[in-house]
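Q: structure of the sequence below:
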Amino acid sequence: MEEVDHSREMTRVRQKVWVSKTEISHKYVYHFTARLVDVIGSIIGLILLTPLFLVIAFFIKKEEPKGTVFYSQVRIGKNGRNFRMYKFRSMCIDADAKLTKLLKFNEVKGPMFKMKDDPRVTKIGKFIRKTSIDELPQLWNVLKGEMSLVGPRPPLVREVKEYSEYDKQRLFVKPGCTGLWQISGRNAVGFCEMVSLDILYIKDLSVWNDIKIMVKTIRVMLKPNDAY
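A: This is a model prediction of the structure:
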């Protein structure tokens, strides 16, 4: 049944869907409930995951003692607002400086950079990226109200500059720690497919869909898909 649902979903992805920003903003019950779940979920997550955070921090510092444990980057959130997103640092100290030379090796089409064997990724970085553990500090962004547990991934400033009007629909809602993209193949899914998946998610906003995505995300973390 799950394979059938996935096949139907990918068929919808190939069709361009447009959503009403006004209609989305008027889903008051959903937004209230989602925020309540975000606050409770992020607080519980931050408390329960503290031991794991300490272990990951130890290995990050052990590999590169002069580097920071966390990495922050300006991302674009709901309605185009900038915010600083947090992650565990999974790349070498001078990763941003090396990006320009690597852009020609980009493995996905569109305004997004992905490289399977990115030389900037550290040893511990490969593990935490594969299991999505590097994303867990974003629970702090969720608690602050900048992100939600479920939603489109927050894009970079340079990526949004290349967005079409269709792509900009991703910015109608808060970005999330996980979403349809993560449970649908992640890096095996191209930019256009990722955008379409996000827009389908926005069109079908519901707490029940969020719960299903969160459950599937746990499965992906325990049995990693194409993350790198």
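Q: residue boundaries of the helices in this protein?
A: Secondary structure of the chain (DSSP state H): helices located at 2-13, 21-25, 28-48, 50-63, 95-102, 123-130, 138-144, 157-160, 191-203, 207-222.
Q: looks like I128 contacts F88 (just checking).
A: Yes. Using Cβ atoms under 8 Å, I128 is in contact with F88, at 5.6 Å. Quick note: C-beta positions are derived from backbone N, CA and C, even for glycine.
Q: name the residues contacting each of those two.
A: Common neighbours of I128 and F88, counting by Cβ atoms under 8 Å, 6 or more residues apart in numbering, are 56, 134.
Q: give me the distance between L143 and D134.
A: Using Cβ to Cβ, to the nearest Å, L143 is found at 18 Å from D134.
Q: of these two, who's got more company?
A: A count of neighbours by other Cβ atoms under 10 Å puts D134 above the other of L143 and D134, at 23 against 17.
Q: so who does the residue nearest the centre of the chain touch?
A: Compute the mean C-alpha point of the chain, and by Cα atoms, centre = their mean the closest residue is R153, 3.6 Å away. Contacts here follow Cβ under 8 Å, 6+ apart; on that basis R153 touches 175-176, 179, 181-182, 194, 198.
Q: tell me which helix or strand in the chain has the weakest average pLDDT.
A: helix 2-13 (a mean of 51; mean pLDDT, DSSP states H and E).
Q: if we can go back for a sec, out of the helices of the chain, the one nearest S72 is which?
A: Among the helices of the chain, the nearest to S72 by Cβ to Cβ is helix 138-144 (9.8 Å).
Q: you'd agree D38 is up against S148?
A: Yes. Using Cβ under 8 Å, D38 makes contact with S148 at a distance of 5.3 Å.
Q: who touches both of the two?
A: Common contact partners of D38 and S148 (Cβ under 8 Å, 6+ apart): V142.
Q: among the helices of the chain, which is nearest K168?
A: Closest among those, using Cβ to Cβ: helix 157-160, at 7.7 Å.
Q: list the contacts of the closest one.
A: Outside helix 157-160, the residues touching it (Cβ under 8 Å, 6+ apart) are 74-76, 80, 82, 111-112, 168, 171.
Q: for it, the distance to its chain's centre please.
A: 15 Å (Cα atoms, centre = their mean, to the nearest Å).
Q: so which of the contacts of R153 is the most crowded?
A: Greatest neighbour count in those, by other Cβ under 10 Å, goes to G176: 28 neighbours.
Q: and the contacts of helix 157-160, which of them are in strands?
A: 74-76, 82 (DSSP state E).
Q: got TSV for those residues, with distance to Y30 too?
A: Converted to TSV, those look like this (distance: Cβ to Cβ, whole Å):
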residue	distance to Y30
V74	28
R75	23
I76	22
N82	25
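Q: of those residues, keep whichever come out buried.
A: Neighbour-count burial (16 or more other Cβ atoms under 10 Å) applied to those gives 75-76.
Q: if we can go back for a sec, please report the distance of the residue nearest to the centre of the chain from I183.
A: R153 is 12 Å from I183, by Cβ to Cβ.
Q: correct me, but P137 touches F88?
A: Yes. Counting by Cβ under 8 Å, F88 is a contact partner of P137 at 6.0 Å.
Q: give me the common contacts of these two.
A: Common neighbours of P137 and F88 (Cβ under 8 Å, 6+ apart) are F70.
Q: from the ones in strands among the contacts of helix 157-160, pick the one nearest S25.
A: Nearest to S25 among those, with distances taken as Cβ to Cβ, is I76, at 17.8 Å.
Q: contacts only, for that closest one.
A: 82, 154-157, 159-160, 171, 175 are the contacts of I76 under Cβ under 8 Å, 6+ apart.
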